[in-house]
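1. requesting a structural model of the entry that follows:
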Amino acid sequence: MKGSLKYLSLVGIVLFLFILTRINLGDLYSVFLTINIFFLILALLVNFLAVFLKAEKWRIIVNSIKGDFSLLASVKAFLVGFSFSTITPAKLGDFIKIFYIKDDQCGWGRSLATVVIDRLIDIILLCSIAAIGIYGFSLFYHIEILSWGFALLIVAGIIVTLYVILNKPLLSKLLKPFFNHFVPKNLKNQVSEYYHDFYKGLFIFYQDHRRFILSVGVGVLSWVPPILYGYLLALSLGITIDIFFFILVIPLISLLDLLPISISGIGTRDVALIFLFGLRGTSAEQAVAFSLIYLFMSYWLIALIGALVYLRYPVTIPEELR
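-> From the prediction side, this is the model:
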């Protein structure tokens, strides 16, 4: 299974290499030579603001359970999680954050619950905002990026998934055959304990209405910096497109980044940006230049900082999880 996922993620790399054979590399190099450093630095600062807002959202969720988690600690864990998620398909490495909050007050199950809640909020908001983008392109450019039938299928899938996750008796019935056949006998009690602790974490957060609303509010607010960031990044490359366009584009490419056929959106994001930017008369070389700088500043730079934080504050995997 792991091998299949690894090879599937190479599809994006193949797409990217194909794109490089179809564009003028000399023109691409020329685009990089004309970068406006002022707008580039401004974009970087805005991107760091997005990091703090996302860390703050998770901190609010964690504090509904343990109550003493600081913003600085949340930023550290977020950066480490982001670093690992950058090299894993669908950002699965993000779950390493649980090792930074687990203690006697917040066990493994509850720690996992905070990350799952954080991801669920992100995915629901992403799909909601991306839906606006899809509708916007349909309305203003008369282009059907995603058929409404397929879009409704995705929405239905999200609703069903949420229902199953939040319905403990139903999920228990679905997981029981796997639990009986695949979990070793000596680990059944421990896994069962983690499972029940996970749901305790879910319901504790759900019952904390103030933090529930606050975390969703911060989640919505955290979408403002990425859109402004994309706009400033485009300006740094001499791409003059109104900011409204990026309200439509950024959620769409963020959605593509979750696909398991690519790592950090390499390839899939390039194809999408060539098409979307082309609607506004932007060359393929400028679109690829934007995608590459987006990859470096949005992923690799933040991931590098996260890797350095990890070296300073490493985690130790306990014996019971090895």
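2. any low-confidence regions in the stretch 101-250 of the chain?
-> 104, 145-148, 150-151 (pLDDT under 70).
3. repeat that for 80
-> Within the stretch 101-250 of the chain, the set of residues satisfying pLDDT under 80 comprises 102-107, 137-155, 158, 166, 179-180, 182-187.
4. residue ranges of the strands in it, please?
-> With DSSP state E, counting those that start in this stretch as the definition, the stretch 101-250 of the chain shows no strands.
5. with L252 as the reference, measure out to F245.
-> 11 Å (Cβ to Cβ, to the nearest Å). Yep, even glycine has a C-beta here, placed from its N, CA and C like the rest.
6. quick check on N167: phi, psi?
-> Here is the backbone geometry of N167 (degrees, to the nearest 10): phi -100, psi 90.
7. what is the burial count for it?
-> 12 (other Cβ atoms under 10 Å).
8. same question, the one 5 residues further on
-> If you count neighbours by other Cβ under 10 Å, S172 ends up with 14.
9. separation between it and A303?
-> Taking Cβ to Cβ as the measure, S172 falls 37 Å from A303.
10. and I19, by the same measure?
-> Look at I19 and A303: by Cβ to Cβ, they are 22 Å apart.
11. tell me which of those two has more neighbours.
-> Using other Cβ under 10 Å as the criterion, I19 and A303 rank with A303 on top: 20 against 17.
12. report the separation between the more buried one and P226.
-> Where P226 is concerned, A303 sits at a distance of 16 Å (Cβ to Cβ).
13. and what of D270?
-> When distances are taken as Cβ to Cβ, D270 and P226 turn out to be 18 Å apart.
14. these two: which has the busier surroundings?
-> When D270 is set against P226 and neighbours are counted by other Cβ under 10 Å, the residue ahead is D270, at 27 against 22.
15. contacts only, for that one.
-> L15, F16, I19, A287, V288, S291 (Cβ atoms under 8 Å, 6 or more residues apart in numbering).
16. which strand or helix spans the fifth one?
-> V288 is part of helix 284-295, with elements assigned from DSSP states H and E.
17. the first one too?
-> For L15, the host element (DSSP H and E) is helix 10-22.
18. now the element after that helix, going C-ward?
-> Sequence order places helix 25-33 as the next helix or strand after helix 10-22, per DSSP H and E.
19. report the angle between the axes of the following helix or strand past that next one and helix 284-295?
-> Per DSSP H and E, helix 25-33 leads on to helix 37-63 as the next helix or strand towards the C-terminus. For helix 37-63 against helix 284-295, the angle by axes from the mean of the first three to the mean of the last three Cα atoms, to 10 degrees is 40 degrees.
20. so how far is helix 37-63 off the chain centroid?
-> Relative to the chain's own centre, helix 37-63 is displaced by 13 Å; criterion: Cα atoms, centre = their mean, to the nearest Å.
21. name the helices or strands packed onto that helix?
-> The contact analysis (3 or more Cβ pairs under 8 Å, 6 or more residues apart in numbering; DSSP states H and E) places helix 37-63 against helix 71-86, helix 108-140, helix 209-221, helix 224-236, helix 301-312.
22. so who does S291 touch?
-> Listed by Cβ under 8 Å, 6+ apart, the contact set of S291 reads R269, D270, L273.
23. if you look at the residues you listed, which of them are in strands?
-> The subset of the contacts of S291 located in strands under the criterion DSSP state E is empty.
24. before we move on, the earlier item: L10 is nearest to which of the helices and strands packed on helix 37-63?
-> For the helices and strands packed on helix 37-63, distance to L10 was read as Cβ to Cβ. The smallest value, 15.9 Å, belongs to helix 71-86.
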